[in-house]
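**Student:** next comes the sequence, and after it the predicted model I'd like to discuss.
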Amino acid sequence: MSGCHHLAAPEAPGYRHVLWAVLFINGVMFVIEGGAGLAAGSVALQADALDFLGDTATYALTLFVLGLAPRWRARAALLKGASMGLFGLWVMGNSVYHLAVPGAPAAEVMAGVGALALAANLVSAFLLYRHRHGDANMRSVWLCTRNDVLGNLAVILAGAGVFASGSNLPDLAVGAVMATLALTSARQVLRQARRELRPAPA
């Protein structure tokens, strides 16, 4: 992470077009995965769908602040970092709540929709990879997408675990993993944004 402030600029060629593309991908996947998660009764799919919604808002906010002063971009990163943290706390609480709820989600739906979500996020990660360094605003975008790829892999594995065990515990475990990723990334983004908001030394 050292020196990343000097490796890229938010106005890097093609960055705006990439953000529009991943915004569209995430918006479509929120609708698909959200419906599937409710139908299948899967906490992991519902959490991942909410993550797609959060990422859609993140990309829209990033597009809005492109070209603005660095302090405005850092403030936007603070907002995104806080939203990532709230998402992590919500998923963790939802996972704990469903420990008391009997029954297992539909494993086949979890695995199939998880694979579709993985493909969508791999495309997004490929598009964003060359823009992964930069200020806190750009880094938050990359961290969101990286976390999504890891989360999708976990959802697929959870579907296999639910199928093999007939239990909802693999589904809830994935919820806890996704919450941990969100909270860790939120801390990184908030820390870098606060550094960028500090007055420059005289």
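**Tutor:** Nice, thanks for sending it over.
**Student:** tell me which element residue 142 falls in.
**Tutor:** Per DSSP states H and E, residue 142 falls inside helix 136-165.
**Student:** after that helix, next one along is what?
**Tutor:** Criterion used, DSSP H and E; the element after helix 136-165 is helix 169-197.
**Student:** so what's the residue nearest the centre of the chain up against?
**Tutor:** Nearest residue to the geometric centre of the chain (CA atoms, centre = their mean): residue 144, 3.7 Å. Residues near residue 144 by CB atoms under 8 Å, 6 or more residues apart in numbering: 51, 54-55, 58, 80, 84, 185. All C-beta atoms are positioned from the backbone trio N, CA, C, and that covers glycine.
**Student:** among these, find me the one that's closest to residue 19.
**Tutor:** Proximity to residue 19 was ranked across the contacts of residue 144 by CB to CB; first place goes to residue 58, at 9.5 Å.
**Student:** from residue 95, how far out is that closest one?
**Tutor:** Plainly put, residue 58 is 22 Å away from residue 95 if you go by CB to CB, to the nearest Å.
**Student:** and those two? Which one has more around it.
**Tutor:** When neighbours are counted by other CB atoms under 10 Å, residue 58 and residue 95 differ, and residue 58 comes out ahead with 27 against 22.
**Student:** what angle separates the helix holding residue 142 from helix 169-197?
**Tutor:** Angle between the axes of helix 136-165 and helix 169-197 is 170 degrees (criterion: axes from the mean of the first three to the mean of the last three CA atoms, to 10 degrees).
**Student:** the lowest-mean-pLDDT helix or strand in the chain: how far from the chain's middle?
**Tutor:** Sorting the helices and strands of the chain by mean pLDDT, DSSP states H and E puts helix 70-98 at the bottom, at a mean of 76. Helix 70-98 sits 10 Å away from the centroid of its parent chain (CA atoms, centre = their mean, to the nearest Å).
**Student:** for the remainder of this discussion, apply numbering that starts at 7.
**Tutor:** From this message on, residue numbering opens at 7, which makes the last subject helix 76-104.
**Student:** buried residues in it?
**Tutor:** 79-87, 89-91, 93-94, 97-98, 100-101, 104 (16 or more other CB atoms under 10 Å).
**Student:** what's the answer for stretch 104-116, then?
**Tutor:** Buried, per 16+ other CB under 10 Å, within stretch 104-116: 104, 110-113, 115-116.
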